[in-house]
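Novice: Curious how this folds, go ahead:
(2 chains)
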There are 2 protein chains.
Amino acid sequence: MFQFKKIKEEKNTKARLGEITTDHGVIETPIFMPVGTKATVKTMKVDELKDLKAQIILANTYHLFLRPGTEIIKEAGGLHRFMNWDGPILTDSGGFQVFSLSKIRKITEEGVEFRSHIDGSKKFLSPEKSMEIQHILGSDIMMCFDECAPYPSSYDYIKNSSERTSRWAKRCKDYHGDREGQALFGIVQGGMYKDLRKQSAEDLVAMDFPGYAVGGLSVGEPLSLMKEILDYTTDFLPKDKPRYLMGVGTPDYLFEAVERGIDMADCVLPTRIARNGTLFTSRGRLVIKNAKYKRDFNPPDSECSCEVCQNYSRAYIRHLFNADEILGLRLATIHNLHFLIQLMEDIRASIREDRFLEFKDDFYQKYGYNKDRED
Amino acid sequence: MFQFKKIKEEKNTKARLGEITTDHGVIETPIFMPVGTKATVKTMKVDELKDLKAQIILANTYHLFLRPGTEIIKEAGGLHRFMNWDGPILTDSGGFQVFSLSKIRKITEEGVEFRSHIDGSKKFLSPEKSMEIQHILGSDIMMCFDECAPYPSSYDYIKNSSERTSRWAKRCKDYHGDREGQALFGIVQGGMYKDLRKQSAEDLVAMDFPGYAVGGLSVGEPLSLMKEILDYTTDFLPKDKPRYLMGVGTPDYLFEAVERGIDMADCVLPTRIARNGTLFTSRGRLVIKNAKYKRDFNPPDSECSCEVCQNYSRAYIRHLFNADEILGLRLATIHNLHFLIQLMEDIRASIREDRFLEFKDDFYQKYGYNKDRED
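Specialist: Now for the predicted structure:
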C-alpha cells in the first residue's frame, strides 16, 4: 500500500505536515532520508538507524545494479532482507549516477549505454530496465528513470533532456503498471528555466503519479535561484501528493525546501562530511580536526541530546580522527544524522504550531546562516 | 583496590578459575581482553563492548604517549574518562612497541631512546617514565617496562635482556611504591631458554608483584615450543596471583594457555583479522571475501548467538567487504570479539565442571585444529 495524508498546511508558508504509509511503516513528513548507497548507510548498523528514529532510508539502484548485482539481491528476497532493514526504502532510478559517475556513455531515446565505474564493463540502463531492477530491490518508493542535467546547461539541452525525461516517465509508468506495494514517483526536471519546469510538471502530473520529485536542483546553482525555481515548480504539483526534493541535506536547504512545500529530502552530505570530520552543531559547522579542539573536553554540541554528545568529548573525537580510527567516523556520522533527523522533528513541530518562520529565524540566528549564500 | 581470588583449580589440568576485583569492576578469569590500542577497540563503541560482555580492555602506553600525548589524557582526567570506558583497563608498558615499531633506538641501562613512528621525533622511555605515563593513564593494571626479545635470539642476547628486564622491574616497583588503585604486574622474560625463564620468574617473584605476565612467547616460535616453555614457566609463579600471557588471541593458543595455568590473555588478532574479512566460526576460520559466499545467505556461524549471526548473512557481509563499506569491518569485529569472549565463558564453565580437556577436544574436532601447527 501507499498513502499520503496531508495533516495540515502551515499558516504563513507553503510548509506542510503529512504522513506517508507504506507496507514497511509510516513516515512523518517533512522528512530527511539518510542515504544507504550500497545497501548500507555508511558506518551504521540498521538497529542504530532505528535508534536515531530514521523512518525511511534511500538506496541507489545504479550502485546495487553493479554490485552485488540484482541477481544476488533477488535471491536474498529483496533489498529489505538483504540488508536487514525492515523500514521503508526509497530507491532512485540510477539515472543520476549514470550521468555523473560513469565515464563513457551513449544516450539514445531507448536508454543509456555506459561503462561501470568499478570494472569498466559495458552496461545499459533504460526506463524499463530501471523499473525491472527496482522491482527486484522491492523498495517502497521507486523513482522514474530521468536525466539530471548539470548546471549551467543551455536552454536547448535542458529542453531536450527534460522532454525525454517525460517520455521516459511514461514508459516507466507503463512498465510499472498496477504493481502493488511499490509506489512510483515522477521526477520534474527543466533546469533553471521556468517554462520548462512548468512543462515538465504538467507532463508528469497528467500521468498521475502517487508522488513527485523535483530533480535537477541543488546542482551548483546559487541558493537564491534554487529557491526561486523550487517555489515556482511546487505550485504546479498537486497538494495531495508527496513532494520530494532530491539531493538536499544541509540545514539551510532543508528549511528553504520545507518552506516551499517539500515533504521529503535526501543527501549524502551529512554522512560524507561526518567522515571528513565536520559536525553540524546548533552554532554552525564544527571541523573537529581543528587544533583548537585538542584540549576541548566539551561535547560536540552542548545542546544536542545524541549519544555522542552525551558520552564523548571534542578532544576525544579529534584524537580518533587524527589517529585514523574508524570510531571517529562512526561518532561523527551518528551525530550528524541525529542532528538532521532531530531538526526535521523540530520543523514538523513548528509547522504543527504555525511557527515555522520563527523557528527558522531562531535556528539561523544561532547556526550563523551565511547571508552570502543568498548570492 | 586489587584482589585476585582463585576459585578453583581444574581436576585434570593446571587450568584455574578466578576473579580479579579492581576499582572499575570484577573480571572473571580466565579472560580474553580486547585491545584498544589508541584508546579505542578498533571500530567499537564502549557500550558495544559492554554488550559483548567484555570485562576488561587493554590500551597501549606507547601509542597514547605519542598521540594524543599524556598531557591531554591527564587533562581529561585519565584514560577511563577520555575514552568513556568505566570498566577495568590494563595498560602495557610501551616496551613491546618501542622495540617493534620505532626504527632508530639506543638501548642503555637507563632506558630506550627511539624515534616516534608517527613523526620521527626523538622520544625516551624508561622504567620510571613508563610508570609516570601509566599513572596518568590511570589503568587498573599496569605493566613493568621490559624488553620482549624477538624469536630466535641467542642465549647471550636473551640473558642480557632478561636480566635488564629484572633490574627495570625493580625500578618500576620502586617508582610505583604503594600507590593505591593501580596494580603493577611483573613480566617474566627469558626467551626459549628454561634456565633464563626460571631466573626471570624467581627474580620477579622475589619482588612480590600482585600479578605476573609471561612475555616473549607467541613471537614466532612453534606452538610446541610455546607450550613447553609456558608449562615450565608457570610452575615458578605463585598460585595465588593472576598470570597473564601477553599477545595471545587465537582459540588454540587460548586453550593451550589456559591449560597451563594462564588467567589472562590479549591480542589484536581477532580485531585485525576481522578487518581483513576473516571470521572465527565453530567450524574454523571463514574468509568472507571468498567467492563461494557470494550467494550464501546463511549467517557467518550458524551456532553463534551474536547479533551479527542473528541478523546478517555471509552474502551481505561479503558485499560490504567488496564494496569497502565500514559496516563490514564492524560486523566482523563484533563477531570475532563475541566469539572469543563466549569461548572464554565456555572455558570457564568447563573448568568449573572439571571437563576442560573434553571441551577442548570437542572444540578442536569441529574447529579443525591443525595438527601441523604442533610443528
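Novice: Okay, the one residue sitting closest to the centre of chain A and residue B:8: tell me how far apart.
Specialist: Central residue of chain A (CA atoms, centre = their mean): residue A:266, 1.5 Å from the mean position. Computed with CB to CB, to the nearest Å, the distance linking residue A:266 and residue B:8 is 59 Å. Using the backbone N, CA and C atoms, a C-beta is placed for each residue, glycine as well.
Novice: now residue A:25
Specialist: Residue A:25 is 52 Å from residue B:8, where distance means CB to CB.
Novice: Next: residue A:230.
Specialist: Where residue B:8 is concerned, residue A:230 sits at a distance of 73 Å (CB to CB).
Novice: just residue A:133 next, same as before
Specialist: For residue A:133, the distance to residue B:8 equals 61 Å [CB to CB].
Novice: Repeat that for residue A:58.
Specialist: Separation of residue A:58 from residue B:8 (CB to CB) stands at 56 Å.
Novice: One more: residue A:367?
Specialist: If you go by CB to CB, the gap between residue A:367 and residue B:8 works out to 61 Å.
Novice: out of those two, which sits in the more crowded spot?
Specialist: Neighbour count, other CB atoms under 10 Å in any protein chain shown: between residue A:367 and residue B:8, residue A:367 has more, with 18 against 12.
Novice: Not counting its neighbours along the chain, what's nearest the more buried one?
Specialist: Distances taken as CB to CB, 6 or more residues apart in numbering or on different chains put residue A:284 closest to residue A:367, at 5.3 Å, once the chain neighbours are dropped.
Novice: What segments of the stretch 1-150 of chain A are helices?
Specialist: Along the stretch 1-150 of chain A, the stretches classed as helices by DSSP state H, counting those that start in this stretch are A:46-51, A:61-66, A:70-76, A:79-83, A:95-100, A:127-137.
Novice: Could you confirm whether any residue of the fourth one contacts chain B?
Specialist: If I follow you right, that is helix A:79-83. Yes - Helix A:79-83 reaches chain B (CB under 8 Å from any CB of the partner chain) through A:82, A:83.
Novice: Next: the third one.
Specialist: Yes - with CB under 8 Å from any CB as the threshold, helix A:70-76 lies in contact with chain B, specifically through A:72, A:75, A:76.
Novice: can you pull the contacts of the last one?
Specialist: Spelled out, that is residue A:76. Residue A:76 makes contacts with A:82, B:297, B:313, B:315, B:316, as judged by CB atoms under 8 Å, 6 or more residues apart in numbering or on different chains.
Novice: Of those, which is the most crowded?
Specialist: Among the contacts of residue A:76, residue B:316 has the most neighbours (other CB under 10 Å), with 27 neighbours.
Novice: Touching, that residue and residue A:39? I think so.
Specialist: Yes - if you go by CB atoms under 8 Å, residue B:316 and residue A:39 touch, sitting 7.4 Å apart.
Novice: you'd agree residue A:151 is up against residue A:215?
Specialist: No - Residue A:151 is beyond contact range of residue A:215, at 12.0 Å (criterion: CB under 8 Å).
Novice: quick one: which of those two has more around it?
Specialist: residue A:215 (30 against 17).
Novice: Neighbours of residue A:165, how many?
Specialist: Counted with other CB under 10 Å, residues neighbouring residue A:165 total 28.
Novice: quick one: it is in a strand?
Specialist: No - under DSSP: H, G, I helix; E, B strand; the rest coil, residue A:165 falls outside any strand and is assigned helix.
Novice: Can you name the residues in contact with the lowest-mean-pLDDT helix or strand in chain A?
Specialist: Every helix and strand in chain A was compared by mean pLDDT, DSSP states H and E; the lowest is strand A:105-107, with a mean of 84. Contacts to strand A:105-107, defined as CB under 8 Å, 6+ apart, come from residues A:98, A:99, A:112, A:113, A:114, A:115, A:147.
Novice: got the residues of the stretch 151-300 of chain A near chain B?
Specialist: Within the stretch 151-300 of chain A, the positions near chain B by CB under 8 Å from any CB are A:294, A:295, A:297.
Novice: please redo it, this time with the cut-off set to 10 Å
Specialist: Within the stretch 151-300 of chain A, the residues that sit near chain B (CB under 10 Å from any CB of the partner chain) are A:275, A:294, A:295, A:296, A:297.
Novice: Buried ones among those residues?
Specialist: Neighbour-count burial (16 or more other CB atoms under 10 Å in any protein chain shown) is assigned, among these, to A:275, A:294, A:296, A:297.
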